[in-house]
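Engineer: sequence unknown, structure follows:
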Ligand SMILES: Cc1ncc(COP(=O)(O)O)c(C=O)c1O
């Protein structure tokens, strides 16, 4: 089934013919129905989670519904869905928790391709535990992170391998399933940053080889918070820092303080919205998978159009050309700094920022230093006309 892009666009108050949002990798636009779910929950009568008052029961139901929704989105177990402020916060916390089990001389593997949110928490945790950090390098010409670049670093001291599901800078999708198999062979855990992958592809955390998987609903039409999914049995083995009166129960013991109930209601509405991108039958998980397959198809076709158009513009260099990738294009202009291109496009109603986008290690490894490049991200609401408009404006700069 293909996407009905007009129907999808009409669900987003912010999406119009005046502004083309190519800045989705930084945060997507939000449909009306998600905003309404947040507002309705906030004013419906809410208390802390509990079972006595209707307000307590409402908060309880909101949390359980959000865990079930995220589980349907990711193919995860709802009992292992942890909510937090952001993927960065959840990874920082989890790295600290896992590091309690490390000894001096243990090793963690990080990749140069990753957003810093899946690098620095491991570097910091390793430093505190006296563990060694091993760096998996990607090929700066192709943008590929070969499986061997990671597996060559594994050994019997490896405790965690941290790798992205997709690069938020150049779109590369490493083969995390193969990396996971090799990591598990040496008794290590695989921590996959799914923040950039989740908006662009059907996700199944087990198929991806992930013991831990993070994502951020604000990258796929939802509100601003973070999600971590893991098997509840694995979470049971971990002892995060927590307050004394707060519950020992999993996943709650990983969630510090009161959850943002209204935000979680928004996330449930987001997953329902995704499930309905391609209207169909079946349970929500099946509809999510069908919708995301259609999203991938739509975005792949637009990506091909964009790359073909850019190839005709000799002043533009595209960085990274991995075989498996998200529709995320990093480019530089031969004569104009990224900031100037960003500002001139913005003046024409085209949102495509220039930066390293926190994938600082990757930007430096690509030879783009701390400046990075102009990033164009495609979304289900992106049209061919918008891609053509971008290409025309770039050519006219
Ligand atoms: C690949 C990737 N990982 C992690 C993050 C950080 O996510 P959060 O803002 O939820 O901490 C981002 C945000 O841009 C990202 O693109």
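Structural biologist: The structure has been received and is ready for your questions. Here the structure is a predicted model, which means the values were calculated and not measured.

Engineer: which residues in the stretch 51-200 of the chain form helices?
Structural biologist: 54-74, 87-99, 120-129, 147-151, 176-185 (DSSP state H, counting those that start in this stretch).

Engineer: take those helices and write them to a markdown table, including mean pLDDT and distance to the ligand.
Structural biologist: In this view, the C-beta of every residue, glycine as well, is placed from N, C-alpha and C. Listed next are the helices of the stretch 51-200 of the chain as a markdown table, based on pLDDT from 0 to 100; distance: least, Cβ to the nearest ligand atom, whole Å:
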| stretch | mean pLDDT | distance to the ligand |
| --- | --- | --- |
| helix 54-74 | 98 | 14 |
| helix 87-99 | 98 | 3 |
| helix 120-129 | 98 | 10 |
| helix 147-151 | 98 | 17 |
| helix 176-185 | 98 | 13 |
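
Engineer: can you redo those helices as CSV with mean neighbour count?
Structural biologist: Shown next, in CSV, are the helices of the stretch 51-200 of the chain (neighbours: other Cβ atoms under 10 Å):
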stretch, mean neighbour count
helix 54-74, 20
helix 87-99, 21
helix 120-129, 19
helix 147-151, 19
helix 176-185, 19
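
Engineer: turn those helices into JSON lines, including distance to residue 161.
Structural biologist: Shown next, in JSON lines, are the helices of the stretch 51-200 of the chain (distance: least, Cβ to Cβ, whole Å):
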{"stretch": "helix 54-74", "distance to residue 161": "19"}
{"stretch": "helix 87-99", "distance to residue 161": "12"}
{"stretch": "helix 120-129", "distance to residue 161": "10"}
{"stretch": "helix 147-151", "distance to residue 161": "6"}
{"stretch": "helix 176-185", "distance to residue 161": "4"}
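
Engineer: among those, which comes closest to residue 231?
Structural biologist: helix 54-74 (11.6 Å; Cβ to Cβ).

Engineer: closest one to residue 292 among the helices of the stretch 51-200 of the chain?
Structural biologist: Shortest distance between residue 292 and the helices of the stretch 51-200 of the chain, using Cβ to Cβ, is found for helix 54-74: 8.7 Å.

Engineer: now do that closest one: distance to the chain's middle.
Structural biologist: 21 Å (Cα atoms, centre = their mean, to the nearest Å).

Engineer: tell me how far the spatially closest residue to residue 137 that is not a sequence neighbour lies from the ligand.
Structural biologist: Spatial nearest neighbour of residue 137, excluding adjacent residues (Cβ to Cβ, 6 or more residues apart in numbering): residue 112 at 5.2 Å. Per Cβ to the nearest ligand atom, to the nearest Å, residue 112 is found 13 Å from the ligand.

Engineer: isn't residue 112 right next to residue 139, touching?
Structural biologist: No: with contact defined as Cβ atoms under 8 Å, residue 112 does not count as touching residue 139 (10.3 Å).

Engineer: the two: which is more packed in?
Structural biologist: Taking other Cβ atoms under 10 Å, residue 112 and residue 139 do not tie; residue 112 has more neighbours (18 against 15).

Engineer: so what pLDDT did that one get?
Structural biologist: pLDDT, residue 112: 98.
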